[in-house]
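Participant: quick one: sequence and predicted model below, then my questions.
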Amino acid sequence: MNYSETLIDHFRNPRNAGMMRDPDGIGEETFDGCGDLARFYLKVVDGRVADVRFQTYGCGPTIAASSAGTELATGRSVSDLLTLSERDVAAAVDGLPAERLHAAQVVAGAIRAAARDFLSRRSAPSGMKQHV
């Protein structure tokens, strides 16, 4: 398989990996075909993503896509994240081979889930936090 230099760089030097204390939104997605899992944490200020962290368990392309996904999400409005597509994530690593497209699906799904979690927490009664 041929991977782009961008994907290889994100795999070797992942950006924003790790947990986040007191996130404003948490989202997770898995791919049943191989068990890959991505979890994203969002910190939101004035409706925009100020900080993103990820934890990913899976193949190299899923780790790289998670790293690139944090860069895609940073600075965007939460509502924009609700429509983040697999194509957006795949493009952020300069493409994925067909047999690794699940990496983009897992990452986009987890980021969308984190955005939904943020929105549900914001609309929850005061003092109550909801989780995905």
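Facilitator: Everything's here; your move.
Participant: burial measure for residue 112, as a count.
Facilitator: Applying other C-beta atoms under 10 Å, we find 18 residues neighbouring residue 112. For every residue, glycine as well, the C-beta is placed using N, CA and C.
Participant: please list all residues in contact with it.
Facilitator: If a contact means C-beta atoms under 8 Å, 6 or more residues apart in numbering, then residue 112 has 27, 81, 82, 83, 84 as its contacts.
Participant: of all these, which comes closest to residue 72?
Facilitator: Nearest to residue 72, judged by C-beta to C-beta, of the contacts of residue 112 is residue 84 at 6.8 Å.
Participant: look up phi and psi at that closest one.
Facilitator: Comment: the main-chain dihedrals of residue 84 come out as phi -60, psi 130, following degrees, to the nearest 10.
Participant: just the helices in the protein please.
Facilitator: 5-12, 60-73, 78-81, 86-92, 102-123 (DSSP state H).
Participant: still on that earlier bit, report the two of the contacts of residue 112 separated the most.
Facilitator: The two members of the contacts of residue 112 with the most space between them (C-beta to C-beta) are 27 and 83, at 14.2 Å.
Participant: which one's more surrounded, these two?
Facilitator: Regarding residue 27 and residue 83, a neighbour count based on other C-beta under 10 Å identifies residue 27 as having more, with 24 against 10.
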